[in-house]
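>>> here you go, sequence then predicted model.
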Amino acid sequence: MRGATHAARALCALSLVLATTGCGGGNGGGPGVVRASWGDPQNQLEPANTNEVQGGKVLAMIFRGLKRYDPQSGAAENMLAEKIESTDQRNFTVTLKSGWTFSNGEAITSKSFVDAWNYAALADNKQKNASFFEYIDGYDKVHPDSGAPSARTLPGLAVKDDKTFTVRLRTKFSTWPDTLGYAAYAPLPRAFFDDHAAWLKKPVGNGPYAIDSYRRGSSMMLSKWEDYPGDDKARNNGVELRVYTDNNTAYTDLQAGNLDLVDDIPSAQLKNVKKDLGDRYINQPAGIIQTLAFPMYDDRWSRADAAKVRRGLSMAINRAQITDQIYRKTRTAATDWTSPALGDKGGYRSGLCGDACRYDAAAAKKLIEDGGGLPGGRVTLTSNVDTGSHRVWMDAVCNSINNALGNDKACTVNPVGTFADFRNQISQQRMTGPFRSGWQMDYPLIQNFLQPLYSTDASSNYGKFSDPQFDRLVDEANAENSQDKANGKFQDAERILAERMPAIPLWYQNGNAGYTDRLSEVTLNPFSVPVYEQIKVG
């Protein structure tokens with residue numbers, strides 16, 4: 001395949017043989033290759049079946065869609081789209097740029113998009129991001145709430161010619177084009193459909209990198225695609241993503257020069273990181289929020305009075321103390337369910353959570369008592385602990401709850417060893433208490449923080465929250481011609497979350513990373529992901 005030179009490939013292969021989980025794997029990497037920490041994705045890398053951060057990092061390197069989000073501003077800009085036009089915010093005509101191909105040489109046409117979107121939406125294919133296509137006319141036919149699909153393709157999609165296709169939405173959605181930089185909307189080559197199993201073993205995309213190899217639990221090797229037609233070509237020879245189950249080990253390997261880049265600084269090292277790395281430490285706001293979601297499919301948490309218990313638990317968490325003492329200005333106590341990174345234009349409004357996000361031990365205790373008490377007399381928090389220093393904050397949150405309730409056994413933690421196992425437990429609805437539900441925005445709109453997580457049956461609504469008024473406000477917001485009016489409706493929907501508290505907002509998260517002096521031009525985008533293609537080695 002196209003990519004690194006033969007010599008570089010040989011050295012990359014050697015690094016894969018040497019690599020071992022969580023211990024850095026030696027120097028490896030090859031000339032001009034970035035060695036970065038990583039975690040195994042939950043699933044194989046289908047664009048419409050990946051809705052978590054680790055898999056998303058890879059998709060962002062191997063795919064480009066109709067739009068791309070500017071690495072500095074986050075603004076949606078045309079990538080493969082020459083133009084996306086509409087006169088009524090419901091019927092759109094998409095015109096593609098010329099000269100784009102997949103890394104296997106196949107030309108990208110309108111059919112590359114339409115076939116990919118039809119595959120993603122069809123219920124039979126069980127794609128986690130299927131609901132991102134629910135606004136296209138006919139989604140209910142290919143993905144009904146129950147029973148078999150009555151159609152195999154979306155009636156709202158039509159190929160006009162190789163460079164043009166049309167999209168008819170079921171209702172007005174004025175900002176729909178700005179969502180199209182999300183990986184679920186990526187085009188797919190014929191190889192994906194002709195030999196699906198083979199494609200999954202070695203995905204072929206159209207981004208600045210191509211996947212050379214992947215060993216689960218060890219590493220993934222990506223090489224620069226020399227013939228990439230975009231203007232954001234890779235400025236290094238490739239990226240070796242090394243799997244770590246402990247971010248402290250990754251940080252140690254960074255200091256030892258066995259790793260070039262980490263984008264998950266352990267909380268225990270935040271007091272030292274500036275001294276250790278100097279200007280090679282990055283700490284900047286990002287479109288990320290950490291929450292604790294409730295399993296609303298469990299009767300103990302969905303009964304009528306349980307909303308008081310959920311609100312009480314939120315008020316029992318001293319966010320300011322935890323973010324100050326543990327996170328050292330890399331987190332900010334949350335006051336709503338979105339992110340300040342959106343700004344006013346994107347729909348952010350501070351304080352929409354109201355009193356429910358303010359620490360008040362006495363009020364918290366009374367609310368929980370009025371709601372019938374904690375189910376079974378205690379609450380258990382669950383998260384993976386292989387990334388993000390999650391065990392540290394879970395212990396701190398439990399201590400805060402226990403102190404507020406005057407009971408040192410009221411809150412306990414359930415640490416899950418790996419991110420993949422944790423995600424599988426969530427997907428299988430095995431949670432019995434609050435669980436971590438961090439969200440990294442897919443695109444910089446308030447809609448992305450609300451609809452995928454809290455609309456009925458949405459793609460990332462793992463707590464199975466459902467509220468007809470919330471759903472109605474989201475639909476009305478999407479149909480507004482004015483972004484300001486849409487933001488107002490979305491903020492009204494947030495107020496419903498403040499009353500019902502299906503998830504507790506904890507804190508907004510900065511993106512932080514550290515790198516060695518082997519690298520230069522290292523930046524994080526507004527999603528907190530390294531802009532790998534811009535990094536220079538040596």
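Noted; the coordinates are in hand.

>>> checking residue 35 next. Helix, strand or coil?
strand (DSSP: H, G, I helix; E, B strand; the rest coil).

>>> what bridges to it?
Residues in a beta bridge with residue 35, per DSSP bridges, are residue 240.

>>> surely it and residue 261 touch.
Yes - the pair residue 35 and residue 261 passes the contact test of Cβ atoms under 8 Å, sitting 7.1 Å apart. The C-beta positions use only the backbone N, C-alpha and C, and glycine is treated the same way.

>>> the two - which one has more neighbours?
residue 35 (30 against 25; other Cβ atoms under 10 Å).

>>> tell me where the stretch 201-350 of the chain has strands.
209-215, 219-224, 238-243, 261-262, 281-293, 331-333 (DSSP state E, counting those that start in this stretch).

>>> against which helices or strands is the second one packed?
Yep, that's strand 219-224 we're talking about. Judged by 3 or more Cβ pairs under 8 Å, 6 or more residues apart in numbering; DSSP states H and E, strand 219-224 is in contact with helix 6-18, helix 53-62, strand 209-215, strand 238-243.

>>> just the C-alphas of it, formatted as PDB.
C-alpha atoms of strand 219-224 as PDB (Å, rounded to 0.1, in the frame of the first residue of the first chain):
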ATOM      1  CA  SER A 219      -0.400  -1.100  19.100                       C
ATOM      2  CA  MET A 220      -1.600   0.300  15.700                       C
ATOM      3  CA  MET A 221       0.700   1.400  13.000                       C
ATOM      4  CA  LEU A 222      -0.400   4.100  10.500                       C
ATOM      5  CA  SER A 223       1.800   5.400   7.700                       C
ATOM      6  CA  LYS A 224       1.600   8.600   5.700                       C
END
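
>>> where does pLDDT dip in the stretch 351-500 of the chain?
For the stretch 351-500 of the chain, residues meeting the criterion pLDDT under 70 lie at 388.

>>> residue 527 reaches residue 285, doesn't it?
No - applying Cβ under 8 Å, one finds residue 527 not in contact with residue 285, separated by 11.3 Å.

>>> coming back round to it: weakest of the helices and strands packed on strand 219-224 by average pLDDT?
Among these, helix 6-18 carries the lowest mean pLDDT, a mean of 31.

>>> what comes up buried for the lengthiest helix in the chain?
With secondary structure taken from DSSP state H, the chain has its longest helix at helix 483-500. Neighbour counts using 16 or more other Cβ atoms under 10 Å place 483, 486-494, 496-498, 500 of helix 483-500 among the buried residues.

>>> turn these into CSV, columns for distance to residue 59.
CSV is the format used below for the buried residues of helix 483-500 (distance: Cβ to Cβ, whole Å):
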residue, distance to residue 59
483, 27
486, 27
487, 28
488, 33
489, 30
490, 26
491, 30
492, 33
493, 28
494, 29
496, 32
497, 29
498, 33
500, 33
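
>>> between those, which is closest to residue 437?
Distance to residue 437, by Cβ to Cβ, is smallest for residue 497 among the buried residues of helix 483-500, at 12.7 Å.

>>> against residue 293, how distant is the closest one?
Distance of residue 497 to residue 293, computed by Cβ to Cβ, to the nearest Å: 11 Å.

>>> just residue 347 next, same as before
Taking Cβ to Cβ, one finds residue 347 at 21 Å from residue 293.

>>> now do residue 485
Residue 485 is 29 Å from residue 293, by Cβ to Cβ.

>>> what's the overlap in contacts for residue 497 and residue 293?
Common contacts of residue 497 and residue 293 (Cβ atoms under 8 Å, 6 or more residues apart in numbering): residue 503.

>>> kindly state the beta-bridge partners for the closest residue to residue 435 other than its chain neighbours.
In space, and not counting its chain neighbours, residue 435 is closest to residue 382: 4.3 Å by Cβ to Cβ, 6 or more residues apart in numbering. Counting by DSSP bridges, residue 382 is bridged to residue 414, residue 435.

>>> looks like residue 382 contacts residue 423 (just checking).
No - using Cβ under 8 Å, residue 382 makes no contact with residue 423, being 11.5 Å away.

>>> more crowded one of residue 347 and residue 293?
residue 347 (27 against 24).

>>> I'd guessed that one sits against residue 446; true?
Yes - in this structure, residue 347 is within contact of residue 446 by Cβ under 8 Å, at 2.7 Å.

>>> mutual contacts of those two, please.
338, 487, 490, 491.

>>> quick one: the helices in the stretch 301-450 of the chain, in order.
306-315, 319-325, 343-346, 361-370, 390-405, 419-427, 446-454 (DSSP state H, counting those that start in this stretch).

>>> now do the stretch 101-250 of the chain
Using DSSP H, counting those that start in this stretch, helices in the stretch 101-250 of the chain cover 110-121, 139-142, 190-194, 196-201, 247-256.

>>> over to stretch 122-129 now: how far is its first residue from its last?
11 Å (Cα to Cα, to the nearest Å).

>>> shared neighbours, residue 527 and residue 285?
residue 511.
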